[in-house]
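coordinates only, sequence not included:
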């Protein structure tokens, strides 16, 4: 066999090995690589999630209550809902049915006390007129969280 | 075909002819793209005018990934076939890719602050792009850290190939894990989620970035070849 082909095979083997190694590491780390947990995660993996963590989901329609600087609202992944209490300035994109990520911890009575709120935006880009036309014609796709 | 263009003197001749046109095309695409992006395209229904950062952020991100794949391919070619031009091409492309990556990170944080409410978050997408930046820096450092440039080429090629696993991680991070960064808008199985009035300026800007990459790459390879020639001339003169 020529040296050239030997090197090619060696390179190919090395690529296969590094990529399978990386895959194994990523699978092992799966739970640590998520940026936030959904309300369903919090309810089903209760023991694994404790202390400070991030909660992500959609702001439940009609759930926003404001008491001065304190805001209370529900975060849902359309399967289960957690209520969040937050004191401070909310991001501009914060509104009903908007994806958000809240940083904080769960209080003993099951309310998530947030210390910071981040707004998530979706992958759809369009001018205002188009989004209104879509909503009018009923072809508006609601953004649903993954999983 | 690869062998035909891999001859350095033939490559230099071709480059001389191509470069003036590439420079003009790049400038033209940038002018048209920036004009379309800033004036012709509409504001977004959610993000308003902030969405215009996309016309720099997204093309820079695509090119940062494409440039890395290019470097890894050139690294493989120089390891397996020992092509002198392949190693040079990888060495010349690395600083360009690193600049694209730093542009992505800076424009991304300028975009993140008003929309997300944070300059930086440690989610899978942002972190894996930061790793890409470090891979570029490592590649540049390695290729200059040996007395013998061909050993530097070899070491940096191995780094580039090992780091290649990071590319699918960057691309699919937004699908595999919950991230703050939104999923892909264009490379989806259904139609792109971008309105044509925003997609057109984005594509023009992507072509401008691509042309810029090719132009600067050719200039850098040319200057590397010239400096090699000078070095070999100096050695001859000393002898």
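Yep, that arrived. Owing to the predicted nature of the structure, the values given are computational and were not obtained by experimental measurement.

The longest helix seen in chain B and chain A in contact?
As assigned by DSSP state H, the longest helix anywhere in chain B is helix B:196-238. Yes. Legend: contact between helix B:196-238 and chain A by Cβ under 8 Å from any Cβ of the partner chain is shown at B:197, B:198. In this view, the C-beta of every residue, glycine as well, is placed from N, C-alpha and C.

and that helix, what does it pack onto?
helix B:8-35, helix B:54-81, helix B:84-115 (3 or more Cβ pairs under 8 Å, 6 or more residues apart in numbering or on different chains; DSSP states H and E).

Just want the most central residue of chain A.
Centroid-nearest residue in chain A, with Cα atoms, centre = their mean: residue A:56, separated by 4.5 Å.

check contacts around the nearest residue to it once chain neighbours are set aside.
Of all residues not flanking residue A:56 in the chain, residue A:36 sits nearest, at 3.3 Å (Cβ to Cβ, 6 or more residues apart in numbering or on different chains). Applying Cβ atoms under 8 Å, 6 or more residues apart in numbering or on different chains to residue A:36 gives the contacts A:53, A:54, A:55, A:56, A:101, B:178, B:180.

What is the lowest-pLDDT residue among those?
In terms of pLDDT, the least confident member of the contacts of residue A:36 is residue B:178, at 82.

ok, residue A:11 touching residue B:80?
Yes. If you go by Cβ atoms under 8 Å, residue A:11 and residue B:80 touch, sitting 5.9 Å apart.

The helix or strand of chain A with the lowest mean pLDDT versus helix B:196-238: what angle between them?
Across the helices and strands of chain A, mean confidence by mean pLDDT, DSSP states H and E is lowest for helix A:128-137: a mean of 77. Calculated by axes from the mean of the first three to the mean of the last three Cα atoms, to 10 degrees, helix A:128-137 forms an angle of 140 degrees with helix B:196-238.

buried set for helix A:128-137?
A:130, A:131 (16 or more other Cβ atoms under 10 Å in any protein chain shown).

Please state the offset of it from the chain centre?
26 Å (Cα atoms, centre = their mean, to the nearest Å).

Run through the neighbouring helices and strands of it.
The helices and strands touching helix A:128-137, judged by 3+ Cβ pairs under 8 Å, 6+ apart, number zero.

Low-confidence regions, chain B specifically.
Chain B contains residues with pLDDT under 70 at B:1-6, B:187-192, B:239.

Give me the more crowded residue out of residue A:11 and residue B:80.
residue B:80 (20 against 17; other Cβ atoms under 10 Å in any protein chain shown).

which of the residues in the one helix or strand residue B:174 maps to are buried?
Using DSSP states H and E, residue B:174 sits in helix B:166-176. Judged by neighbour count (16+ other Cβ under 10 Å), helix B:166-176 contains these buried residues: B:166, B:167, B:169, B:170, B:173, B:174, B:176.

now do stretch B:43-62
Within stretch B:43-62, the residues scored as buried using 16+ other Cβ under 10 Å are B:44-47, B:50-62.

dump the residue contacts of residue A:120.
Residue A:120 sits next to A:56, A:98, A:99, A:100, A:101, B:116, B:180, B:182 when contact means Cβ under 8 Å, 6+ apart.

The residues you listed in strands, which ones?
Counting by DSSP state E, the part of these found in strands is A:56, A:99, A:100, A:101.

distance of residue A:67 from residue A:107?
As judged by Cβ to Cβ, to the nearest Å, residue A:67 and residue A:107 stand 16 Å apart.

ah, wrong one, I meant residue A:101
Residue A:101 is 18 Å from residue A:107, by Cβ to Cβ.

what do you get for residue B:221?
61 Å.

Which one's more surrounded, those two?
Regarding residue B:221 and residue A:107, a neighbour count based on other Cβ under 10 Å identifies residue B:221 as having more, with 20 against 10.

nearest residue to residue B:114 other than its sequence neighbours?
Distances taken as Cβ to Cβ, 6+ apart put residue B:50 closest to residue B:114, at 5.3 Å, once the chain neighbours are dropped.

immediately after the longest helix along chain A, which helix or strand?
Criterion DSSP H: the longest helix present in chain A is helix A:3-33. Note on helix A:3-33: by DSSP H and E, the next helix or strand toward the C-terminus is helix A:39-44.

which strands and helices sit next to that following helix?
Right, helix A:39-44 is packed against strand A:52-59, strand A:81-87 by 3+ Cβ pairs under 8 Å, 6+ apart.

Between those strands, which one is closest to residue B:124.
strand A:52-59 (12.8 Å; Cβ to Cβ).

residues of that closest one that come out buried?
Of the residues in strand A:52-59, A:53, A:54, A:55, A:56, A:57, A:58, A:59 count as buried by neighbour count, 16+ other Cβ under 10 Å.

Please identify the one among these that lies nearest to chain B.
Minimum distance to chain B across the buried residues of strand A:52-59 is 5.9 Å, recorded for residue A:56 (Cβ to the nearest Cβ).

Just grab the bridge partners of that closest one for me.
residue A:101 (DSSP bridges).

Return the residues in contact with it.
A:35, A:36, A:37, A:38, A:75, A:99, A:100, A:101, A:102, A:120, A:145, B:178.

What is the distance between the helix holding residue B:174 and the centre of its chain?
On Cα atoms, centre = their mean, the centre of helix B:166-176 falls 17 Å from that of its chain.

Run the angle between that helix and helix B:54-81 for me.
For helix B:166-176 against helix B:54-81, the angle by the same axes, to 10 degrees is 140 degrees.

is chain A contacted by helix B:166-176?
Yes. Contact of helix B:166-176 with chain A (Cβ under 8 Å from any Cβ) involves B:169, B:175, B:176.
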